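> Here is the input, now give the coordinates:
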Amino acid sequence: MPLSSVSSLVLRHHSPRSLPPTSNRPPPHLGLLLPPFARSRAFDCQQLAAAATDDMAAAAAAAASPPTLLEHMGQAGGAADLTVLVAHIQSACKRIAALVASPGNAELSRAKAAGGAGVAAGRDAPKPLDELSNDIILSSLKSSGKVAVLASEENDLPIWITDDGPYVVVTDPLDGSRNIEVSIPTGTIFGIYNRLVELDHLPLEERAQLNSLQSGTHLVAAGYVLYSSATILCISFGAGTHAFTLDWSTGEFILTHPSLQIPPRGQIYSVNDARYFDWPEGLRKYIDTIRQGKGQHPKKYSARYVCSLVADFHRTLIYGGVAMNPRDHLRLVYEANPLSFLAEQAGGRGSDGKNRILSIQPVKLHQRLPLFLGSTEDMLELESYGDVQQKVNPGYEV
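Residues are numbered from 1 along each chain as shown. I've put the predicted structure just below:
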């Protein structure tokens, strides 16, 4: 190439017109014309500007990223004691999530539970994974220093933890544990009440019992943790229902489903319809009607049943419809009340087929009842059939 052509290219390359019209930065080669002290200051300014830009980018990313569970509580002005308690509950549930995913749990789930005597009426026979999960939760609640009483499906009687604790916790530590061996989802259910200080003068056992038998209308918070393809913690503090997904890389529950609203009507029913011929006429008629698309909703309903209460309820919460167990099987205190609280906070309903669950006053710790949860329109249609509670139990367990 002739020298004149090369010169022309060089001139065009360094021409001011070659800079982007919006740029006000001096060409880099001009810095070489500055004295040394000025070049140093220019470099410092560039470094400071770059650092400020990085800080702004990091702040913007943090502002755009969804909050963790504890950050969400802080933003909502949650009570400090309640935040500490929830932090310990989520910590326990992370350990249970790791436990149910462990290679050793299959052998543990096949192991025989020690003994069988001393199981209170209304309680299922204890299983090793249930008991281990219960121990994990009890240990975490003790460490929190915020819990006076724990009432668990795994204990015949409530456990008094400390006189100073402001809260009462009720829980089913590991719902659906019979499914562990075949990797079907399981869950933890919990409810939180204020300790009734007006009962502090009573004997310890009576005080613990009465604190645990509060109606669901007095719940301060309730939630469940679903152990499945993802570990999801769904919780309400009485101002909406929110779901958080565990990020295993950080160990934090991240808000993924803010202000969940169950659809007013779904197209799914969830029940073990192998029991169809044991059902009362009203329930059979309701199921027959919606399956044929002849109910208040013109489309045919589909059946989805996992036989894991938390999993069936979680799907219903997301997609709508109704999840049910029509016989006296599920526990009012630590299953029906917390899930009904979540359903109502998401715009749905919880019922025993006749009455609002949260309005039922518990009389026994392990009290059982029918449970229907779901979309408001589906629930009202179901209840309109009247006779939906199964009173016949030929002896099956599931």
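> use CA for all of it now, contacts and neighbours both
Noted.
> Could you report the distance from Val388 to Cys307?
Distance of Val388 to Cys307, computed by Cα to Cα, to the nearest Å: 19 Å.
> Between those two, tell me which one has more neighbours.
Taking neighbours as other Cα atoms under 10 Å, Val388 and Cys307 compare with Val388 leading, 24 against 19.
> Who are the contact partners of the residue nearest to that one when sequence neighbours are not counted?
Once flanking residues are discounted, Val388 sits nearest to Leu283: 4.4 Å by Cα to Cα, 6 or more residues apart in numbering. When contacts are counted by Cα atoms under 8 Å, 6 or more residues apart in numbering, Leu283 is found next to 382, 385, 387-389.
> same thing with Asn211?
Shown in contact with Asn211 (Cα under 8 Å, 6+ apart): 149, 168, 195-196, 199.
> do Pro370 as well
Neighbouring residues of Pro370 by Cα under 8 Å, 6+ apart: 324-330, 352-353, 389-390.
> Show the buried residues in the contacts of Leu283.
By neighbour count, with 16 or more other Cα atoms under 10 Å, the contacts of Leu283 hold 382, 387-389 as buried.
> would you turn those into a markdown table with secondary structure and pLDDT?
What follows is the buried ones among the contacts of Leu283, written out as a markdown table (DSSP: H, G, I helix; E, B strand; the rest coil; pLDDT from 0 to 100):
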| residue | secondary structure | pLDDT |
| --- | --- | --- |
| Leu382 | helix | 98 |
| Asp387 | coil | 95 |
| Val388 | coil | 98 |
| Gln389 | coil | 97 |
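> ranges for the helices of the stretch 201-350 of the chain?
Under the criterion DSSP state H, counting those that start in this stretch, the stretch 201-350 of the chain contains helices at 204-212, 281-291, 309-319, 337-345.
> And the ones you listed: which comes nearest Thr186?
helix 309-319 (6.8 Å; Cα to Cα).
> what packs against that closest one?
The contact analysis (3 or more Cα pairs under 8 Å, 6 or more residues apart in numbering; DSSP states H and E) places helix 309-319 against strand 186-194, strand 221-227, strand 268-270, strand 322-331, strand 368-374.
> now the longest one, how far from the centre of its chain.
It refers to strand 322-331. Taking Cα atoms, centre = their mean, to the nearest Å, one finds the center of strand 322-331 at 20 Å from the center of the full chain.
> Might you list the low-confidence residue ranges for the stretch 51-200 of the chain?
For the stretch 51-200 of the chain, the stretches with pLDDT under 70 are 51-63, 106, 109-124.
> Strands of that one, residue ranges please.
147-152, 159-160, 167-175, 186-194 (DSSP state E, counting those that start in this stretch).
> Just put the ones you listed in a markdown table and tack on distance to Ile137 and mean neighbour count.
Compiled in a markdown table, the strands of the stretch 51-200 of the chain are given as follows (distance: least, Cα to Cα, whole Å; neighbours: other Cα atoms under 10 Å):
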| stretch | distance to Ile137 | mean neighbour count |
| --- | --- | --- |
| strand 147-152 | 9 | 26 |
| strand 159-160 | 12 | 18 |
| strand 167-175 | 7 | 25 |
| strand 186-194 | 10 | 24 |
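> Indicate which one of the ones you listed is closest to Ala221.
Of all the strands of the stretch 51-200 of the chain, strand 186-194 sits nearest to Ala221, with 5.1 Å by Cα to Cα.
> Which strands and helices lie in contact with the closest one?
Here strand 186-194 touches strand 167-175, strand 221-227, helix 309-319, helix 337-345, going by 3+ Cα pairs under 8 Å, 6+ apart.
> Out of the ones you listed, which gets nearest to Pro298?
Of all these, it is helix 309-319 that lies closest to Pro298, at 17.2 Å by Cα to Cα.
> about what we covered before: could I get the helices and strands packed on helix 309-319 as TSV with distance to Thr162?
TSV is the format used below for the helices and strands packed on helix 309-319 (distance: least, Cα to Cα, whole Å):
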stretch	distance to Thr162
strand 186-194	14
strand 221-227	20
strand 268-270	40
strand 322-331	25
strand 368-374	28
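> Quick one: closest of these to Pro258.
The closest of these to Pro258 is strand 221-227. By Cα to Cα, the value is 14.1 Å.
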